[in-house]
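# Mind looking at a prediction? Sequence and model below.
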Amino acid sequence: MVRVVPDVPALDRALDYAVPPSLAGRVAVGAVVRVPLHGRRVRGWVVQEGVVADPSLQLSEVARVTGLGPDADVIGLCRWAAWRWAGRLPSLLRVATPERAVPSPLRRPARHGNPGGGDPVAAGVLARGPGTHLLTVSPSADPVAVALAAAGLGQALVVAPALGTVEAMARGLGRAGVSVARWPGGYAAGAGGHTVVGGRAAVFAPLPGLAAVVVWDEHDEGLQSESSPTWHARELAIERARRAGVPCLLVSPCPSLEARAAATTPPASAGPAERRRGWAPLVVVDRRHDDMARTGLYSEALVEAVRTTRAAGERVVCVLNRTGRARLLACRSCGTVAECERCGAAVQLPDGVELVCSRCGTTRPTVCLRCGATAMKLLRAGVTKAREDLEALLREPVGAVSATPAADTADRMGAGRIGHEGVLIGTEAVLHRVGDAGLVAFLDVDQELLAPRYRAAEEALALLVLATRLVGGRTRGGRVLVQTRLPDHEVLAAAVRADPDLVAAAEGPRRDLLGLPPSGAVAAVGGEAAPEWVERLGRPPGVEVQGPREGWWLLRADRVDTLCDALAAVPRPPGRLRLQVDPARLP
């Protein structure tokens, strides 16, 4: 008899099945099987062997074995993740299962790096032994050198949020003679003892000889699942290393408060001189006394910097995290902000003809509701209008880059691949889609510094890190420019001084005061089943329930285990439920 968790979203429990003689010896914990359920065959995972069932019951038999799945260690990690982020076990097991059937582990012997090889600072921190260790590096630090330091201890797990970084690590380790399993395609190689390199889902890889865990750019929000359950690869990596009794190294040029709180040993860092070389010079343009009606979005200092960079034959990248053409309009006659007559939200002018509400979709002619005037002035431009204005200033083509390739100017105009133009403008997606630049300019960095998100300061510093990597730190002579009315903000000071601790020193007390992670635990609950779920939750000790607000409830607790235990005790009602524990952005 075996216990199987069926891959059925509506069924969150294990069922018992008999093993037929034809499959004897093949059905073990971790095997992916097909089992009968309600007249059909479904996929499932064997999570327990030797089950003693009621002899009076006539159990169905396992139909067949399709291949390898998560082993006993990973199943235990998935159970913990289901508790930690209030999710269903099948959804976590699904992430831990290879996309294609894997019949058996790779039998080729694995090769590891030389002990003490790679980055010497990372090697020294890993030599501290089991525990969670934090390493602050420069934005231009070599991720391959850090990965080599971990591979020198044996089979390593290396997790990074960016695809380009993962590929560079895999190539670098391979050139150094290390056997690499690129997740998820290298599932069999990982099960055979090879070092695993991959994105956030690589934390679920099979690792029979795990010796060290590395999370590169642990601050990056790309390490967190965007859908429920909102599991985070950093927390899973820490838990996996703890269970295996091996060191876990968290690496970042701007460590998060969560990583600082999780560290069990004193933080380590590269030398001040090396960190400063890795940060690009930051030019802060103070716009507190500018006449915005005359200069608009582009200051004289920015225009001059763009022209100087273009004269040197280098690319310019401008960042504006506002899509569309006009994000905020006002009547030229009476100054009234243009709002939707139906829901009260600010309206936009996407096509230059009609006003459109992004909240409810209502459209109307370009007419002021207060005085009836038809002329509007632009208070906050989007990327589309900003591109047009920049083209007029520079008198050369300017490309627009967005998160959706089909919306890029180069794609629409047939101008070739993204990055063909010498000047590009876009949302923060441009920092991920362009290879290099001589100047990166944030047209309105205050939008990031003052964003209504509790991680706004950390996220703004992370954007400056991406910009620094694009221009190559101080070694290539590139620059990062920001336009701001907050020139003394701790984020800008941290980038100027190459000292991310300044942000942590300012943010830590704020999080403590507000009870936000890592000082507390929060969860957001929404969806059609949310009202009934919140009613079933009640008011458990140690958990504060706030809401509803726009269809969402916010749950808060001083301790993570208090919140997670309360969430795990609530039976789920039928219907769609969105349950997000420690979400990246609170609703």
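Good, I have the coordinates.
# Any idea how far apart the tips of stretch 85-98 sit?
When the termini of stretch 85-98 are compared using C-alpha to C-alpha, to the nearest Å, they are 22 Å apart.
# The closest residue to R79 other than its chain neighbours: neighbour count?
Nearest-residue entry for R79: L89, 6.4 Å, with adjacent residues in sequence omitted and distances by C-beta to C-beta, 6 or more residues apart in numbering. The C-beta positions use only the backbone N, C-alpha and C, and glycine is treated the same way. Look at L89: counted by other C-beta atoms under 10 Å, it has 19 neighbours.
# Now do the contacts for L89.
For L89, the set of contacting residues under the criterion of C-beta atoms under 8 Å, 6 or more residues apart in numbering consists of 5, 12, 78-79, 82.
# List buried residues within those.
Buried members of these, counted by 16 or more other C-beta atoms under 10 Å: 5, 12, 78, 82.
# Shouldn't the second one be within a strand?
So the one you mean is D12. No - D12: not assigned to a strand; according to DSSP: H, G, I helix; E, B strand; the rest coil it is coil.
# picking up where we left off before, mind picking the lowest-pLDDT entry from the buried ones among the contacts of L89?
Taken together, the buried ones among the contacts of L89 show their lowest pLDDT at D12, with 80.
# What about that residue? Give its phi and psi, please.
Phi and psi for D12, reported as degrees, to the nearest 10, are phi -110, psi 50.
# Wait, it touches P571, no?
No - here D12 does not reach P571: they are 9.8 Å apart, not a contact under C-beta atoms under 8 Å.
# Can you get me a residue count around A189?
Applying other C-beta under 10 Å, we find 23 other residues in the vicinity of A189.
# quick one, phi/psi of it?
Recorded main-chain torsions at A189 are phi -70, psi -40, according to degrees, to the nearest 10.
# separation between the residue nearest to R79 and G118?
37 Å (C-beta to C-beta, to the nearest Å).
# Output the below-cut-off pLDDT ranges for the stretch 451-587 of the chain.
The model of the stretch 451-587 of the chain has no residue with pLDDT under 70.
# Span of stretch 206-221 from start to end?
Terminal residues of stretch 206-221 are spaced 24 Å apart (C-alpha to C-alpha).
# Tell me the buried residues in that stretch?
Using 16+ other C-beta under 10 Å as the test for burial, stretch 206-221 gives 206-207, 210-220.
# Same check on stretch 226-243?
Along stretch 226-243, the positions that meet the burial threshold by neighbour count (16+ other C-beta under 10 Å) are 228-241.
# Centre of the chain to that stretch, how far?
What separates the centre of stretch 226-243 from the centre of its chain is 12 Å, taken as C-alpha atoms, centre = their mean, to the nearest Å.
# Outline the domain layout of this structure.
In terms of domains, the chain is parsed into 2-71+80-95, 120-276, 280-324+382-499, 520-581 (source: automatic domain parsing).
# Pretty sure V144 sits against G172.
Yes - the criterion here is C-beta under 8 Å, and V144 meets it with G172 at 3.2 Å.
# ranges for the helices of the stretch 301-450 of the chain?
Assigned helices in the stretch 301-450 of the chain, in chain order: 383-394, 409-413, 430-433, 446-449 (criterion: DSSP state H, counting those that start in this stretch).
# For the most centrally placed residue in the chain, which three-state class applies?
Nearest to the geometric centre of the chain sits G222, at 1.6 Å (C-alpha atoms, centre = their mean). Classification of G222 by three-state DSSP places it in helix.
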